[in-house]
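> My questions are about this predicted structure, shown below with the sequence.
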Amino acid sequence: MIPEAAGRGRFVTIEGGEGAGKTSQAERIRRRALGAGIDIVVTREPGGTTLGEDVRRILLDPRSVHGARADALLFNVARAQLVESVIRPALDRGALVISTRFTDSTLAYQGFGAGLPLDELRALERFATAGLRPDLTILLDLPAEVGLARKGAEVTRFESAFGLDFHRRVRDGFLALAAAEPDRFAVLDATAPDDQVEAAAMAALARLPAAAALVD
């Protein structure tokens, strides 16, 4: 069980490749939390703030053309604002915070996927977040081709400008990150039906004392 820090909420991230179901599972957790009377904040990356949503449009626009270093910097611009104005204030008041994507996505996409040095990305991450790290990361894992097929007509720059091999490297990157930190990660089979994935996510959340009411 993950120890609970006194006087602080808990921070959970949901990670995974394209089409893994991150938004859907975050909404299921939100509904359960509200039903249990838990103070919960659900946000996303990039996004969650006015600046973050502006950056999101740039990053995901299929017409946008820029390289991996610019991607990493833009993601961390949005992340810094999200941490400062949304995540830390919610944690300070004791809330459960759920973010779909966080720093592991930058390591997986711009690091393992695009080949940028992980140590440089981690240094950028530490600056942008002032050292904030998730208490728990739920990784929704599925083959890259399955996730891309699920996206259907919803095509962003990360589907139109990056091939299957890139997305396979991203998946491998997420799994490598999870293997390196098994106490933080819970790896779930995202090819399973949504209800089964939800049940597995609830079991993972049971590691956090602050989220125990979700699984009662």
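Ah, there it is. Numbers count the residues shown, from 1 in each chain.
> which regions of this protein sit below the pLDDT cut-off?
Low-confidence regions of the chain, defined here as pLDDT under 70, cover residues 1-7, 152-153, 210-213, 215-216.
> do that again at 50, thanks
Under the criterion pLDDT under 50, the flagged ranges of the chain are 1-6.
> And the helices in it, which stretches?
22-35, 50-60, 68-82, 88-92, 103-106, 118-129, 144-151, 157-160, 164-180, 194-205 (DSSP state H).
> For Asp194, list the residues it contacts.
Contact partners of Asp194, counting by Cβ atoms under 8 Å, 6 or more residues apart in numbering, are Gly21, Ser24, Gln25, Arg28. Placement of C-beta: from N, CA and C, glycine included.
> Arg30 too?
Contacts of Arg30 (Cβ under 8 Å, 6+ apart): Ile40, Val42, Ile98.
> Quick check: Leu148 vs Gly19, distance?
6 Å (Cβ to Cβ, to the nearest Å).
> nope, Glu181 is what I meant
24 Å.
> Compare the two (neighbour count), which wins?
Comparing Glu181 with Gly19 by neighbour count (other Cβ atoms under 10 Å), the higher total belongs to Gly19, at 21 against 12.
> List the contacts of that one.
Counting by Cβ under 8 Å, 6+ apart, Gly19 has contacts Leu142, Val146, Gly147, Leu148, Ala149, Arg150, Lys151.
> what about 10 Å?
By Cβ atoms under 10 Å, 6 or more residues apart in numbering, the contact set of Gly19 is 140, 142, 144-152, 154, 159, 167, 190.
> Could you do Arg57 as well?
Here Arg57 is in contact with Pro46, Gly47, Ser64 (Cβ under 10 Å, 6+ apart).
> Let me have those in a markdown table, adding distance to Arg10 and neighbour count as columns.
What follows is the contacts of Arg57, written out as a markdown table (distance: Cβ to Cβ, whole Å; neighbours: other Cβ atoms under 10 Å):
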| residue | distance to Arg10 | neighbour count |
| --- | --- | --- |
| Pro46 | 22 | 25 |
| Gly47 | 21 | 22 |
| Ser64 | 35 | 15 |
